[in-house]
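>>> I'd like to go over a predicted model; first the sequence, then the structure.
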Amino acid sequence: MDFIALERSVTAANYDSLPVVLREAKGVWATDTEGRRYLDMMSAYSAVSLGHGHPRILKAMMEQASKLAVTSRAYHTELLGPFLERLVQITGLDMALPMNTGAEAVETAIKAARRWGYAKKKIAQDRAEIIVANNNFHGRTTTIVGFSSDESYREGFGPFSGGFKLVPFGDAGAIEQAITGNTCAVLIEPIQGEAGIVVPPEGYLRDLRAICDRHNVLLMLDEVQSGLGRTGRWFAYQHEGIKPDGLILGKALGGGVYPVSAFVGTHEVMSVFNPGSHGSTFGGNALAARIGLEALAVIEEEHLVERSAEMGGYLQDRLRAMRSNIVKEVRGRGLWVGVEVDANVVSARTICDALLQNGVLSKDTHGTVLRFAPPLTITRDEIDWGMERIERVFARAIH
Ligand code: PMP
């Protein structure tokens, strides 16, 4: 059976997937329909940070699915409170609003920021502005792609909602200059993921915090990819000892098996919502809450944040030590690493394809950056296994 041809014949061509058909996966290893094994160094863009089929997640999921899965939020359950209570404890914020996907949680943050602006800052109706960064990626809804600086995300999908201002990423001064009396929030990824693992200069988040405080503007951080241990801290903002007013989480919150996202914020931000102002049939259902709670417990009890820092350091050291002349830069934090290649010599996609042939799953971005984001459970031996193949592929790519 040609699954790739079948898939192509019955779905829109909105992805350019790598030519592999995966059948099974456990931990950091995936197997295709031909029985070939791959080291998963992508973990579904950090959604599988706990590894595939984590036994605790599977047990919680099966138990909960057979007990009570979906009620909608027309009713209360025993699980939503405990899940969100844990989430606010870990983030240091006050309240959370559960959704399903990252983009929905971003939309939640945008709605919260605007209502806060009208209610608390007395911005004139429909004038609220949100400052965002060039090369941002926050999802695919029409509102979100409307403020993308990447024309390929927007082309043909307008008209878009207004009220967003783009500034260069990593330049706190540019944000301060862009702030007006109508600015309600700055919405930023603390490290840009889809842009190619772009780490801002040291002090950027601290400066943003100070600027937002100075001008009474909310700091909203999108940690859908960077959060929950990926960068070697629970959240990337902790590297700079600050706290946002609003935090967007997704991906790994679903334990690698289920879509679970949340917008987490201060009392003041969350106070803008009232019954009917926002919601989702599936967001915060019993199954999602149970899985989310278990995912947080696994990250904590298996010390995955510390592991990410330690193994990430090791992976980055090994990648930097390659000294290949096609590597322009190795950058990242924790187990979230981008390798920028010299696109004049080879495209990142060619390397990505070669890695696939050699049993390593990775992902190319914009033709120039190769991304690695393995499950946080990866061991030193498994990194060594992957590095042997990565070194071989890079060595061959030069000739
Ligand atoms: N925000 C960030 C920072 C992301 O990286 C992504 C997805 N890559 C999203 C939001 C959107 O998440 P989802 O695909 O679950 O809607």
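Thanks, I have the structure now. Numbers count the residues shown, from 1 in each chain.
>>> okay, now the residue in the stretch 201-350 of the chain positioned nearest to the ligand: neighbour count?
Nearest residue of the stretch 201-350 of the chain to the ligand, counting by Cβ to the nearest ligand atom: Val224, 3.6 Å away. Where you see a C-beta, it was placed from the backbone N, CA and C, and this is true even at glycine. Number of residues near Val224 (other Cβ atoms under 10 Å) recorded here: 29.
>>> go on, Glu301?
9.
>>> same check, this time on Ala103
Ala103: 20 neighbours (other Cβ under 10 Å).
>>> Sketch out the low-pLDDT regions of the stretch 251-399 of the chain for me.
Counting by pLDDT under 70, the stretch 251-399 of the chain contains low-confidence residues at 398-399.
>>> ranges for the strands of it?
Assigned by DSSP state E, counting those that start in this stretch, the strands in the stretch 251-399 of the chain fall at 261-265, 327-333, 336-341, 360-361, 363-365, 369-372.
>>> Name the strands paired with the fifth one and say parallel or antiparallel.
Listed by DSSP bridges, the sheet partners of strand 363-365 and their directions read strand 369-372 (antiparallel).
>>> now the strand it pairs with, how far from the chain's geometric center?
14 Å (Cα atoms, centre = their mean, to the nearest Å).
>>> Need the contact partners of it.
Here strand 369-372 makes contact (Cβ atoms under 8 Å, 6 or more residues apart in numbering) with 41-42, 196-197, 315, 319, 332, 335-341, 348, 351-352, 355, 362-365.
>>> Please report phi then psi for Tyr153.
phi -80, psi -20 (degrees, to the nearest 10).
>>> which residues touch it?
140, 145.
>>> could you measure it against Leu205, distance?
Computed as Cβ to Cβ, to the nearest Å, the Tyr153 to Leu205 distance reads 25 Å.
>>> Give me whichever of the strands of the stretch 251-399 of the chain is most buried.
strand 261-265 (a mean of 29; mean count of other Cβ atoms under 10 Å).
>>> which other helices and strands contact that strand?
helix 80-91, strand 95-99, helix 102-120, strand 246-249 (3 or more Cβ pairs under 8 Å, 6 or more residues apart in numbering; DSSP states H and E).
>>> just these: most buried one?
Counting by mean count of other Cβ under 10 Å, strand 246-249 has the highest mean neighbour count of those, with a mean of 29.
>>> Put the alpha carbons of that strand into CSV.
Output of strand 246-249 as CSV, limited to C-alpha atoms (Å, rounded to 0.1, in the frame of the first residue of the first chain):
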residue,chain,number,x,y,z
GLY,A,246,0.1,36.0,30.5
LEU,A,247,1.6,32.7,29.4
ILE,A,248,0.6,30.5,26.5
LEU,A,249,1.2,26.8,26.8
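>>> average pLDDT across that strand?
The average pLDDT within strand 246-249 is 99.
>>> quick check, it touching the ligand?
No: Strand 246-249 does not reach the ligand (Cβ under 6 Å from any ligand atom); its nearest approach is 6.6 Å.
>>> List the pairing partners of that strand within its sheet, with orientation.
Strand 246-249 has these strand partners (DSSP bridges): strand 218-222 (parallel), strand 261-265 (antiparallel).
>>> Surely Thr108 is in contact with His278?
Yes: proximity of Thr108 to His278 meets the contact threshold set by Cβ atoms under 8 Å, at 6.3 Å.
>>> Which residues are in contact with each of those two?
Joint contacts of Thr108 and His278 (Cβ under 8 Å, 6+ apart) are Leu97.
>>> For the residue of the stretch 101-250 of the chain found nearest the ligand, list the residues it contacts.
At 2.2 Å from the ligand, Gly102 is the closest residue in the stretch 101-250 of the chain, using Cβ to the nearest ligand atom. Counting by Cβ under 8 Å, 6+ apart, Gly102 makes contact with 138-139, 222, 224, 248, 250-251, 261.
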